[in-house]
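1. Whatever this is, show me its structure:
(2 chains)
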Amino acid sequence: MLRNVTLVFAIGFLAAMVALAVFAPLLPLPDPVKMDVISRMAGPSWAHPFGQDEYGRDIFSRIIHGARASLAVSLTAAALAGAAGVIVGLVGGYFQGWIELATMRPLDVILSFPPMLLALLAVALLGPGALTLTVILSILFIPAYARVTYGEVLVVRNHEYVEAARALGHRPLRILARTILPNVAGPVLVQFSLVVASCIVLESGLSFLGLGVVPPTPSWGLMIRGARAYMHLDPMGIVWPCMALVFTVFSVNRLCDHLRDVFDPKARRVSFSPASAIDEDDGARGREAAAGSATDDMLLDIRNLTTEIAVPRGSIRAVDGVSLKVRRGEAVALVGESGSGKSMTGLAIMKLLPRRISRIARGSIDYVTADRQRHDLATVPLNRFRAYRGKEIGMVFQEPMACLNPVYTIGYQLVEAVTAHARLPKQETWARALKALKQVGIPDPERRLHEYPHQLSGGMRQRVAIAIALCGKPSLLIADEPTTALDVTVQAQILDLLEQIREASRIGLIFITHNLGVVAEIADRVVVMYCGQVVEEGTAEEIFYTPRHPYTRGLLASVPKVEDKTGGNKRLSSIPGAVPSPLALPPGCRFAPRCAHATDLCNAGVPALEPVSDSQAARCVRWRELA
Amino acid sequence: MNYVVRRGATAIATLFAVASLIFLLLHLVPGDPAEILLSSGGIAPSKESVEALRVNLGLDKPLLEQYITYLGNITTGNLGTSFQDGAPIGDEIVKRLPRTLELILAATFISVLVGMPAGVAAALRRGGVIDGLCSSLASFGLSVPVFVTGTLLILLFSQILRLVPAGGYVGFADNPAQHIVYLLLPAVSIAVGLIPVVFRMVRTSILEFLEKEWVRTARAKGLDEPRVLLLHVVRNSLSPVVTVLGLHMGTLLGGTVLVEYVFNWPGLSGMLVQAVEQRDYPAVQGIVLVICLLFVLINLGVDLLYGMLDPRVRYK
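-> Below is the predicted model:
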């Protein structure tokens, strides 16, 4: 809203300014250099709307004529610099080798001068004047264009259509002009407006110092310079040219921002309006710890969990009525394609859903502490939830490259995890950090403690991330695609490590993955998710040998099997179609549009998750027929 | 260590290039530099004065010899003598340099002091009132040329409110309190243009870092929210801020020229403007060289600081 207002103002102001400046000689304005000493510093009148300056000259007329001087110098310089800079950048970027070096290197020297100083140096040599100024400014801003063009050309140079033009035998000049130039036009235009603003500022600054435009030619800088001595007598005399200058520069800058938005949509800011944001914790339910005590070895009992994410077009249920149980020492795999809601389920347990735009809408997440007390995590307010994170539940994320802070040592980040829950002497915390590193099998752990994340390989970093998650001795570990970003051999090592840890400390494990091959190695039970719902669950054996849901079967069929010697020429199948948009879900079974067995019945309402055996359940109306 | 050496070497190479460019500039100008320097308002200078200037500047010697003498003089700290009074330029520069440095430091300090918290606040309440207000102020602040800020500050605080003097200088040793009073307005004038730069950078990088996985890891550890923000978001945004400050040093140094003029601050730049007015070429050349040295050194400092803040740079 405000942005639009300022944009309209900027365009209007600039248009008026340019029009007034261009047509100034035709307008019935008083002569800007004609003095009238008797009415010096007179206030506004009908003849002189902005008043008169220290020599009795008409301020309004001087501002308009000042715009003429300022805009003429700035636009000319920006255009000249643009022409030269674009050519330099095109040539430098298109040709490699010595031409590139010879064109781009000298620009760095210009850039290593503060622009104001280079201008002063040239003025000292050549004397002040509008012409000198234009020449200096044009040279000063060549690098600005050249760099932008150069960068764009480097990107475009290897594009197929440029290659194609080259292969067709077009001459370099023609390729540059026809294929590359249109591509760099946008960024160069943005640069042009930036340079115009800089030129106006530099021109007025130099004129203000008395080293730019030479009197009696009116210029904003000169006007401010002249009025300065009398500002105690006539404050408005100095405010008018200041306002003209500031509003002009502001308008050019605003226009430049807009151009940038237009030409570089990636940089455009997309944000939700605050009204559509949902509080992460409404704290209204207050059922925490009221869930009673558990008798068996249950660790986590999620019932009917639903999360909502606010998007510009409404709200998405990324997780829609998911129930999930994890026992102590049990490994549960959460499987599904991207967008199935499996990661959101993991994040919801940790209350790490993206802030302000998402929340737990319904359901309960009962966590059973060592003293057999049930706590509904969904209702624990964020400030108290800290006690669960790391201490009761640890989490490992997908991207080992990004999950460690690059500016701290491994040791520091481990110590942080220790001290988050325990106040210990410094020596003790470091000893624990070292122990945690040893536990995840990192060679030479003493040395690694003092290293930074970027000095470690991806596999090592994931081990460190696991060590961090285990530092607080949690009872439940959520691993969100911990092996996806790693090499196959490293994957196997990490899986082995997780398996060891689970056996050693009887930790519950939720393993989130899209890779069924990985599931076979680690999971006791498997929960298959599709479009935010659980479509099938069962023991690993049931899922692999007697899958009931067509989606599970599809997933299994798309896993390459090394041992399947007989099927050497069998084609690897993939599930046809794509995951539907969460904003336009099918009315009935969400998998129906992609399912080979779908009938009208499938679209007649969302199927229930029906028990297939004591431990298996499937959300398919036809599972009996298809079995 | 290796990093420091490499950066140092680059800095020296840049200085050499800058010194050479300054030398070349005098000779690249079409026509006889001595004649150009002496001419004013279309009046041709006398033969004798041109000849005298040629000897003074060493223009009568072969170009290569001039160049070598010039480089030799620079490395020994001999910046020549002023046209105006024949005084050694180096001495005057040494006297004025600390005052310019002080101004730059004060302005940077104010900018970080104001820009950082504003950027953090705006990013944490993105789209809120503070964000909208600060962002609008920032784009406005970026549009006000530094000499306009200075002039308007004088108009408001010294002419209308009569709180502070319009300009001037007292040595810190003579009267510390008064010294600070004189420093205030010039430093704020420069800061007005620099605060938006810091603000925008902090805001953008905080918004970016808030989405980083390491922040999630930090939360998953059970760290409390203030600690997550301070140690894993704000701490990481220091490197981009240092980078952007480095990028703006050129503008900043240019800004001091105008601000020192506006406030009669007797730093290097005031001397420079005077020398340009009087077309005292050796003095201009010497001051520009020293300011460029300063520029390169500040950039070197920025790079080293950057290395301290981000271990990835140090070890590359």
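
2. Could you use CA atoms for every contact and neighbour count after this?
-> Fine.

3. which residue ranges form the helices in the stretch 151-300 of chain A?
-> Ranges of helices in the stretch 151-300 of chain A, per DSSP state H, counting those that start in this stretch, are A:160-167, A:172-175, A:181-208, A:220-228, A:235-263.

4. Serialize those helices to JSON lines and add fields for mean pLDDT and distance to residue B:87.
-> Shown next, in JSON lines, are those (pLDDT from 0 to 100; distance: least, Cα to Cα, whole Å):
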{"stretch": "helix A:160-167", "mean pLDDT": "75", "distance to residue B:87": "61"}
{"stretch": "helix A:172-175", "mean pLDDT": "75", "distance to residue B:87": "55"}
{"stretch": "helix A:181-208", "mean pLDDT": "85", "distance to residue B:87": "27"}
{"stretch": "helix A:220-228", "mean pLDDT": "86", "distance to residue B:87": "30"}
{"stretch": "helix A:235-263", "mean pLDDT": "85", "distance to residue B:87": "38"}
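
5. which one of those helices lies closest to residue B:63?
-> Proximity to residue B:63, assessed across the helices of the stretch 151-300 of chain A by Cα to Cα, is greatest for helix A:181-208 (31.6 Å).

6. angle of the closest one against helix A:235-263?
-> With axes from the mean of the first three to the mean of the last three Cα atoms, to 10 degrees applied, the angle from helix A:181-208 to helix A:235-263 works out at 170 degrees.

7. so of the helices of the stretch 151-300 of chain A, which one's packed in deepest?
-> Mean neighbours per residue, mean count of other Cα atoms under 10 Å in any protein chain shown, is largest over the helices of the stretch 151-300 of chain A for helix A:220-228, with a mean of 24.

8. The closest residue to residue A:149 other than its chain neighbours: what's it in contact with?
-> Spatial nearest neighbour of residue A:149, excluding adjacent residues (Cα to Cα, 6 or more residues apart in numbering or on different chains): residue A:89 at 5.0 Å. By Cα atoms under 8 Å, 6 or more residues apart in numbering or on different chains, the contact set of residue A:89 is A:103, A:104, A:145, A:146, A:147, A:148, A:149, A:150, A:153.

9. can you tell me how far the third one sits from residue A:100?
-> Right, the one you point to is residue A:145. Using Cα to Cα, to the nearest Å, residue A:145 is found at 15 Å from residue A:100.

10. which of the two has more neighbours?
-> Using other Cα atoms under 10 Å in any protein chain shown as the criterion, residue A:145 and residue A:100 rank with residue A:145 on top: 27 against 18.

11. my read: that one touches residue A:90, true?
-> No: Residue A:145 is not in contact with residue A:90 according to Cα atoms under 8 Å; the separation is 10.1 Å.

12. Show me which residues of the stretch 201-316 of chain B are close to chain A?
-> By Cα under 8 Å from any Cα of the partner chain, the residues of the stretch 201-316 of chain B that approach chain A are B:212-224, B:232, B:236, B:249-251, B:253-255, B:258, B:261, B:273, B:275-277, B:279-281, B:284-285, B:288, B:292, B:295-296, B:309-312.

13. For residue 241, give me its contacts.
-> Picked chain A for this. Taking Cα under 8 Å, 6+ apart, we find residue A:241 in contact with A:63, A:220, A:221, A:223, A:224.

14. my bad, chain B
-> Contacts of residue B:241 by Cα under 8 Å, 6+ apart are B:198, B:201, B:202.

15. Now do the same contact list for the closest residue to the first one other than its chain neighbours.
-> Spatial nearest neighbour of residue B:198, excluding adjacent residues (Cα to Cα, 6+ apart): residue B:115 at 5.2 Å. Contacts here follow Cα under 8 Å, 6+ apart; on that basis residue B:115 touches B:195, B:196, B:197, B:198, B:199, B:202.

16. 10 Å - rerun?
-> Contacts for residue B:115 were tallied using Cα atoms under 10 Å, 6 or more residues apart in numbering or on different chains; they are B:109, B:121, B:134, B:138, B:191-192, B:194-203, B:241.

17. buried stuff in the helix or strand hosting it?
-> Taking DSSP states H and E as the criterion, the element that holds residue B:115 is helix B:89-124. Within helix B:89-124, the residues that count as buried by 16 or more other Cα atoms under 10 Å in any protein chain shown are B:89-90, B:93, B:96-97, B:99-101, B:103-104, B:106-108, B:110-112, B:114-124.

18. Then stretch B:218-232?
-> Neighbour-count burial for stretch B:218-232 [16+ other Cα under 10 Å]: B:218, B:219, B:220, B:221, B:222, B:223, B:224, B:228, B:229, B:231, B:232.

19. Would you enumerate the residues in contact with the nearest residue to the last one once chain neighbours are set aside?
-> Distances taken as Cα to Cα, 6+ apart put residue B:215 closest to residue B:232, at 6.1 Å, once the chain neighbours are dropped. Shown here is residue B:215, whose contacts under the criterion Cα under 10 Å, 6+ apart are A:402, A:403, A:404, A:405, B:209, B:221, B:228, B:229, B:231, B:232, B:233.

20. Let me know whether residue A:552 touches residue A:515 as I believe.
-> No: the criterion here is Cα atoms under 10 Å, and residue A:552 misses it with residue A:515 at 12.0 Å.

21. what touches both of those two?
-> Contact criterion Cα under 10 Å, 6+ apart; residues shared by residue A:552 and residue A:515: A:335, A:336, A:558.

22. Please identify, among those, the one with the most neighbours.
-> So for the shared contacts of residue A:552 and residue A:515 (other Cα under 10 Å), the most neighbours sit at residue A:335, 28 neighbours.

23. Quick check: phi and psi at it.
-> Backbone geometry at residue A:335, expressed as degrees, to the nearest 10, gives phi -120, psi 140.

24. before we move on, what about residue A:234?
-> Reported as degrees, to the nearest 10, the phi and psi values for residue A:234 are phi -140, psi 80.

25. Do I have it right that it meets residue A:227?
-> Yes: between residue A:234 and residue A:227 there is a contact at 7.9 Å, judged by Cα under 10 Å.

26. hang on, the earlier thing: pull out the buried members of the contacts of residue B:115.
-> Counted by 16+ other Cα under 10 Å, the contacts of residue B:115 give B:121, B:134, B:138, B:191-192, B:194-203, B:241 as buried.

27. Closest to chain A out of the residues you listed?
-> residue B:138 (10.8 Å; Cα to the nearest Cα).

28. Strands of chain A, residue ranges please.
-> Taking DSSP state E as the criterion, chain A contains strands spanning A:298-311, A:314-327, A:331-335, A:358-368, A:374-376, A:393-396, A:476-480, A:508-513, A:525-530, A:533-539, A:610-611, A:617-618.

29. Could you point out which of these sits nearest chain B?
-> strand A:393-396 (6.3 Å).

30. list the helices and strands the closest one packs on?
-> For strand A:393-396, the elements it packs on are helix A:342-349, helix A:458-470, strand A:476-480, strand A:508-513, helix B:213-221, judged by 3 or more Cα pairs under 10 Å, 6 or more residues apart in numbering or on different chains; DSSP states H and E.

31. and the third one, how far from the chain's centre?
-> When C-alpha coordinates are averaged (Cα atoms, centre = their mean, to the nearest Å), strand A:476-480 and its chain have centres 26 Å apart.
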